[in-house]
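Peer 1: could you look at this predicted model? Sequence included:
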Amino acid sequence: MPHLSEDAVRRALSSVIDPEIRQPITELDMVDSITVTDERIDVTIALTIVGCPAADRIQSDCEAAISALSDTHATTVSLTVMEPERRAALTKKLRGNRRDSHPFTADSLTRVIAVTSGKGGVGKSTLTANLAVDAARAGLRVGIIDADVFGFSIPGLMGIQGARPTRVDEMILPPISHDVKVMSIGMFVGEGEAVSWRGPMLHRTVTQFLTDVFFGDLDVLLLDMPPGTGDVAISVGQLLPHADVLVVTTPQSAASDVAVRSATVARQTGQRVIGVVEMMSPGLLPDGTRLDLFGEGGGKAVADALEVPLVGQIPLSPLLRICGDAGTPVVAAHPDDPAAKAISALGDNVRGTRASRVGSRLPVSPV
């Protein structure tokens, strides 16, 4: 067969995607060397850090890409680690010239949606996780920040409880689940440990999640907000005043009355409330009986008070709870479930509420 060139091998390796950074390894300067003879192909890949959790995946993907070129050449893929200067150049390339600022500004093409509520226990985190997975299944690039520092639950709902982010110098790479990049304080504390911080630490945590975590180019960034109108809500309002806000409530008046307050704080910081979502809406039992365990009308009452649309009503569903406990969001595990269908319809609805980008300045500059 014709002699293979180093360029041909490099082109094959360009199909190998770093599973954490989500870019080709050739663009990340990870291909250290390529040696091709009539009988062998030897490649050395430089990983970003010692103990890279994606090492085995990268090595096997490289072997598969090279083997597709030829079934007669013996192939060896060796792994090494980038030297500090090379790693620093990579992090600078990925993060641009940003140092203390975050990329999710008003000029960014990433849509930021904060999912908030007036009180806890209304299904806000469950909704956030399922909306994120639904958007990823629709082909969007999605990230979640679990801003509920005291009551973090996103890692469990996304099935990555116990996962740890990868740190490359000062840059943090978030774990990925169901094609969604996820960051939570729960990834930094031990099992059963509680977080007990005052306001400055909460502000610092939210700031670090926005500045130090490399999410890459996202279409949508969802924030699972803590209930109420405390320090985190104020910090997010200051850091992301252009964010859209979804207000979550339940049908009962005890939840709907306080839901309006969280939206009021969001508006005071300039954020745009795009709609209200009612969780635990009346659902149907297997025999067709309508079950309104938490009453009805709360979502419409909040929407009317805020003068925004009621963009979704998610019915009571055992599978919604079961899948959440299992870390497999219902929109992925059981897309035909009534709650899953309602969340998917909500996702379509929310994607249609984005403000026009006509006249916006694109985040590009001439070279």
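Peer 2: Cool, got the structure.
Peer 1: can you list the domains in this structure?
Peer 2: When the chain is parsed with automatic domain parsing, its domains come out as 6-94, 111-351.
Peer 1: pick the most deeply packed of those.
Peer 2: Mean neighbour count (mean count of other C-beta atoms under 10 Å) peaks for domain 111-351 among those, with a mean of 20. For the C-beta atoms, the positions are set from N, CA and C on the backbone; glycine is no exception.
Peer 1: so in the chain, which strand runs the longest?
Peer 2: If you go by DSSP state E, the chain has its longest strand at strand 272-281.
Peer 1: could you give the average pLDDT over it?
Peer 2: The pLDDT scores in strand 272-281 average 95.
Peer 1: and the helices in this structure?
Peer 2: Remark: helices assigned in the chain by DSSP state H are 6-13, 55-67, 84-95, 124-137, 154-157, 199-211, 231-239, 253-268, 298-306, 318-326, 330-333, 338-351.
Peer 1: under the pLDDT cut-off, which ranges of the stretch 1-150 of the chain? List them.
Peer 2: Regions of the stretch 1-150 of the chain meeting the criterion pLDDT under 70 cover residues 1-3, 97-100.
Peer 1: so the longest strand of the chain versus helix 338-351, what angle?
Peer 2: Calculated by axes from the mean of the first three to the mean of the last three C-alpha atoms, to 10 degrees, strand 272-281 forms an angle of 170 degrees with helix 338-351.
Peer 1: output the contacting helices and strands for strand 272-281.
Peer 2: Identification of packing neighbours for strand 272-281 by 3 or more C-beta pairs under 8 Å, 6 or more residues apart in numbering; DSSP states H and E yields helix 124-137, strand 244-249, helix 253-268, helix 298-306, strand 310-315, helix 338-351.
Peer 1: extract the CA atoms of the longest one and return them as CSV.
Peer 2: If I follow you right, that is helix 253-268. Extracted as CSV, the C-alpha positions of helix 253-268 are listed here (Å, rounded to 0.1, in the frame of the first residue of the first chain):
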residue,chain,number,x,y,z
SER,A,253,-50.8,29.7,47.2
ALA,A,254,-48.1,29.2,49.9
ALA,A,255,-45.5,28.8,47.2
SER,A,256,-47.0,31.2,44.7
ASP,A,257,-47.2,34.1,47.1
VAL,A,258,-43.4,34.1,47.8
ALA,A,259,-42.4,33.3,44.2
VAL,A,260,-43.2,36.9,43.2
ARG,A,261,-40.6,38.2,45.6
SER,A,262,-37.7,36.3,43.8
ALA,A,263,-38.8,37.8,40.5
THR,A,264,-38.9,41.3,42.1
VAL,A,265,-35.3,41.1,43.2
ALA,A,266,-34.3,39.8,39.7
ARG,A,267,-36.0,42.8,38.1
GLN,A,268,-34.3,45.2,40.5
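Peer 1: okay, the angle between it and helix 231-239?
Peer 2: Relative orientation of helix 253-268 versus helix 231-239 (the same axes, to 10 degrees): 30 degrees.
Peer 1: do the same with the first one
Peer 2: Orientation of helix 124-137 against helix 231-239 (the same axes, to 10 degrees) gives an angle of 40 degrees.
Peer 1: for helix 124-137, the distance to its chain's centre please.
Peer 2: 9 Å (C-alpha atoms, centre = their mean, to the nearest Å).
Peer 1: about what we covered before: strand partners (parallel or antiparallel) of the longest strand of the chain?
Peer 2: According to DSSP bridges, strand 272-281 forms sheet pairs with strand 244-249 (parallel), strand 310-315 (parallel).
Peer 1: kindly reformat the helices and strands packed on strand 272-281 as CSV containing distance to D18.
Peer 2: Converted to CSV, these look like this (distance: least, C-beta to C-beta, whole Å):
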stretch, distance to D18
helix 124-137, 18
strand 244-249, 31
helix 253-268, 36
helix 298-306, 42
strand 310-315, 36
helix 338-351, 28
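Peer 1: select, out of those, the one closest to A65.
Peer 2: With distances scored as C-beta to C-beta, the stretch of the helices and strands packed on strand 272-281 nearest to A65 is helix 124-137 (24.7 Å).
Peer 1: ok so, going back, what would the helices of the chain look like in CSV with distance to Q23?
Peer 2: Listed next are the helices of the chain as CSV, based on distance: least, C-beta to C-beta, whole Å:
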stretch, distance to Q23
helix 6-13, 13
helix 55-67, 12
helix 84-95, 8
helix 124-137, 17
helix 154-157, 24
helix 199-211, 20
helix 231-239, 26
helix 253-268, 34
helix 298-306, 41
helix 318-326, 31
helix 330-333, 25
helix 338-351, 25
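Peer 1: what residue is smack in the middle of this protein?
Peer 2: Geometric centre of the chain, nearest residue: G143, 1.8 Å, by C-alpha atoms, centre = their mean.
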